[in-house]
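S.K.: can't give you the sequence, but here's the structure:
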């Protein structure tokens, strides 16, 4: 079989991966989607309780919508905000069903290389097809591919609590009391875990906002429920995002709800704290210790929401060109650098910015952003449209990249914000006017809603 007859292998049946498959099908290009979970959008389903801050109108890929139309699928109200579960059940799974046998479940990719060529070998490299190894419940398999689109995301590799990028000393030993996900407080077992407890939330993005707002709501009904918000930087005008100036209103509301949680005493903010170690006290509670030697009051639980990072292990035999800081493609990295950009100031980009020294391998969706926290679903859809056009040889279409994103104030990364000189600044970054600096741990209880929109870092 010639390389031209081989399928394009798409890794991951999430939003970007399924959109890529829809575009490949629209162009008549053979394809195979390998999904590690038992159903489409397995990662999205793990945050099914979280409401996105993008509307349905921003979450459906145009090629996917065309593919779904003949099946009798009805597009949800474009102005409403779905949860992760809604997104999976009402759009992503129907899309996977429409793609049919081209989607294989419980197929975990373990390695990608050039057939007969490890990363060292130059000779005749580009003429060799890709070989993709994966495991299924039946054992090991492999498939040859003309191109590979890695849309596997970053969900499985959350960043640790340790400010060095490594787990804090004692973090792994405290695993029974440490979580790296937004808690689903509608689940009775999860609710019992946090009700009446003192919980540290480490992080400053949308996921941390959602966790804090949810814990604040729990505190209305369960006495003793309290959050300690751990921030590596100080509180400034941009800490709570764009507020009313955010062009995604639900995202702005999320930041304002977090501000209310602090203002009204549901949470205390600890600023300029870089976690170095985690210890247990005599009662088994956890004590966070900072790099500066500070020891915080004991907490019952810790929720670490410090971002995600790409798993590059199964791509180790390929020649990738990745930025040394963000682990994003070299040409894309300066366009998404969280030191300079929010979600809404990312420049339009496509196959050229996503290319690597190894031809015909593309990292798309969340994975393309590496460690940058500024990704939106709309960005991923435009990425895969351009990439698929390039794979199909339609350079004119591939280069015609157009994307307008709403500005935001909640997508700032660690980067320059960790500079002590930037703490307590009035302007901050992230495209929004300054909000008032809060005083922590004061005020009476205030009502917050549990359904605050967020996506846990994307969309």
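M.R.: Looks like it came in fine. For clarity, every value in this text was computed on a predicted model and none was experimentally measured. Numbering: from 1, shown residues only.
S.K.: which stretches of the stretch 251-400 of the chain form helices?
M.R.: 333-336, 351-354, 377-391, 395-399 (DSSP state H, counting those that start in this stretch).
S.K.: How about the stretch 51-200 of the chain?
M.R.: 62-68, 84-87, 93-99, 188-194.
S.K.: Could you list the low-confidence segments of the stretch 201-350 of the chain?
M.R.: Scanning the stretch 201-350 of the chain for pLDDT under 70 picks out 236-255, 264, 341-346.
S.K.: sorry, back to before: out of the helices of the stretch 251-400 of the chain, which comes closest to residue 86?
M.R.: helix 377-391 (13.5 Å; C-beta to C-beta). For glycine as for every other residue, the C-beta is placed from the backbone atoms N, C-alpha and C.
S.K.: Across the sheet, point out what pairs with residue 11.
M.R.: residue 34, residue 150 (DSSP bridges).
S.K.: tell me the contacts of it?
M.R.: 17, 33-34, 109, 112, 132, 148-152 (C-beta atoms under 8 Å, 6 or more residues apart in numbering).
S.K.: hmm, back to that, please identify the most buried of the helices of the stretch 251-400 of the chain.
M.R.: Burial of these is given as mean neighbour count (mean count of other C-beta atoms under 10 Å); helix 377-391 ranks first at a mean of 25.
S.K.: Export the helices of the stretch 251-400 of the chain to CSV and append columns for distance to residue 205.
M.R.: As requested, those are exported to CSV (distance: least, C-beta to C-beta, whole Å):
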stretch, distance to residue 205
helix 333-336, 15
helix 351-354, 23
helix 377-391, 16
helix 395-399, 32
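S.K.: Out of those, which is closest to residue 83?
M.R.: Per C-beta to C-beta, nearest to residue 83 of these: helix 377-391, 14.1 Å.
S.K.: name the helices or strands packed onto that closest one?
M.R.: Contacts defined by 3 or more C-beta pairs under 8 Å, 6 or more residues apart in numbering; DSSP states H and E place helix 377-391 against helix 15-26, helix 62-68, strand 147-150, helix 351-354, helix 395-399.
S.K.: Arrange these in TSV, one row each, with mean pLDDT as further columns.
M.R.: Below are those laid out as TSV (pLDDT from 0 to 100):
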stretch	mean pLDDT
helix 15-26	98
helix 62-68	97
strand 147-150	98
helix 351-354	97
helix 395-399	96
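S.K.: Reformat those as TSV; add distance to residue 256.
M.R.: Supplementary listing: the helices and strands packed on helix 377-391 in TSV, determined by distance: least, C-beta to C-beta, whole Å:
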stretch	distance to residue 256
helix 15-26	27
helix 62-68	32
strand 147-150	36
helix 351-354	34
helix 395-399	40
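S.K.: what's the closest of these to residue 366?
M.R.: It is, among the helices and strands packed on helix 377-391 and with distance given as C-beta to C-beta, helix 15-26, at 7.3 Å.
S.K.: Show me what the closest one is packed up against.
M.R.: In terms of contacts (3+ C-beta pairs under 8 Å, 6+ apart), helix 15-26 is packed against strand 8-11, strand 31-34, helix 62-68, helix 93-99, helix 377-391.
S.K.: Mind putting those into JSON lines with distance to residue 319?
M.R.: Shown next, in JSON lines, are the helices and strands packed on helix 15-26 (distance: least, C-beta to C-beta, whole Å):
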{"stretch": "strand 8-11", "distance to residue 319": "17"}
{"stretch": "strand 31-34", "distance to residue 319": "21"}
{"stretch": "helix 62-68", "distance to residue 319": "30"}
{"stretch": "helix 93-99", "distance to residue 319": "30"}
{"stretch": "helix 377-391", "distance to residue 319": "18"}
